[in-house]
Structures are given as structure tokens and as C-alpha cells.
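> give me coordinates for this.
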Amino acid sequence: MKRKEIVAQVKDWISDLDTQTNDKRSGRGLCLNINTLALKRHFNFLLDELAKLKVPPGLEDLAEENSLNEAQLSEMKLYTAEPGPTSPPCSNSTSFYSQGEDDESGTPMHFES
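Prediction:
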């Protein structure tokens, strides 16, 4: 039932990062810009997941005021102009640093846990 509060908090974080990125005195502009872009993409996935949530039994009377409709979702997704990744941001399919293959042998890497 706190969807709108969560969305507002993440928007504030994105706004703060955008402000820090645009600050010319900071030498961390590029790093913050990359972090802001990643946060915006994660935010879009969060919006999709929040929209999929069902109202718990017994709280149907609160559903209308706390739901996110398509117009609100499209308005909130204006934070990113470029499309995000096709998979969820935390997918475990392959590592960010490797393509799943050992560089020398060409065979898939396996990690024991």
C-alpha cells in the first residue's frame, strides 16, 4: 500500500543524483551519470513490478487510491529516454564482466559455492 511513497522516494534519489551530476565542481560527474542511468532503469523495472502487485484481501477499499494506472506509469517512465535492458536488472544468466566462457579454453565457466 506504500507504492506511491516508494516511487516518490526513488524519484527524490534520482533528482539528487542528477543535481550532483550537473555540479561542475565535482570530478565524479561521469561515475554519477552512469549510476543515475542505472537507477533510472531499475526504477522502470520497479514501476512494472509495483503495477503487477495485487491488493491484499480485506484492503480492496484502498485499492483505487493506491493503484498505479497506465497513465501514471507512462508519466513516471519519462525519466529515461533510451530503452532499458531486455532482462531484469538482477538476472543471474551471465556475469557482467564475462560472457560465461573461459577466455583460454572457450568452455563455460563453472563456479562452486
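
> buried residues, stretch 37-49. List them.
By neighbour count on 16 or more other CB atoms under 10 Å, the buried set for stretch 37-49 is 37, 39, 40, 41, 43, 44, 46, 47. Where you see a C-beta, it was placed from the backbone N, CA and C, and this is true even at glycine.

> so where is the protein shaky, pLDDT-wise?
Within the chain, the ranges that satisfy pLDDT under 70 run 1, 22-32, 60-113.

> then the longest helix belonging to the chain to PDB, C-alphas only?
If you go by DSSP state H, the chain has its longest helix at helix 29-52. Output of helix 29-52 as PDB, limited to C-alpha atoms (Å, rounded to 0.1, in the frame of the first residue of the first chain):
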ATOM      1  CA  GLY A  29      30.300  13.500 -12.900                       C
ATOM      2  CA  LEU A  30      30.700  10.500 -15.200                       C
ATOM      3  CA  CYS A  31      30.500   8.000 -12.500                       C
ATOM      4  CA  LEU A  32      27.400   9.600 -11.000                       C
ATOM      5  CA  ASN A  33      25.900   9.800 -14.500                       C
ATOM      6  CA  ILE A  34      26.300   6.100 -15.000                       C
ATOM      7  CA  ASN A  35      24.900   5.400 -11.600                       C
ATOM      8  CA  THR A  36      21.900   7.700 -12.300                       C
ATOM      9  CA  LEU A  37      21.200   5.900 -15.500                       C
ATOM     10  CA  ALA A  38      21.300   2.500 -13.800                       C
ATOM     11  CA  LEU A  39      19.000   3.800 -11.100                       C
ATOM     12  CA  LYS A  40      16.600   5.100 -13.700                       C
ATOM     13  CA  ARG A  41      16.500   1.700 -15.400                       C
ATOM     14  CA  HIS A  42      16.000  -0.100 -12.200                       C
ATOM     15  CA  PHE A  43      13.200   2.400 -11.400                       C
ATOM     16  CA  ASN A  44      11.400   1.500 -14.600                       C
ATOM     17  CA  PHE A  45      11.500  -2.200 -13.600                       C
ATOM     18  CA  LEU A  46      10.300  -1.400 -10.100                       C
ATOM     19  CA  LEU A  47       7.300   0.500 -11.600                       C
ATOM     20  CA  ASP A  48       6.400  -2.500 -13.700                       C
ATOM     21  CA  GLU A  49       6.600  -4.800 -10.700                       C
ATOM     22  CA  LEU A  50       4.600  -2.400  -8.500                       C
ATOM     23  CA  ALA A  51       1.900  -2.300 -11.100                       C
ATOM     24  CA  LYS A  52       1.600  -6.100 -11.100                       C
END
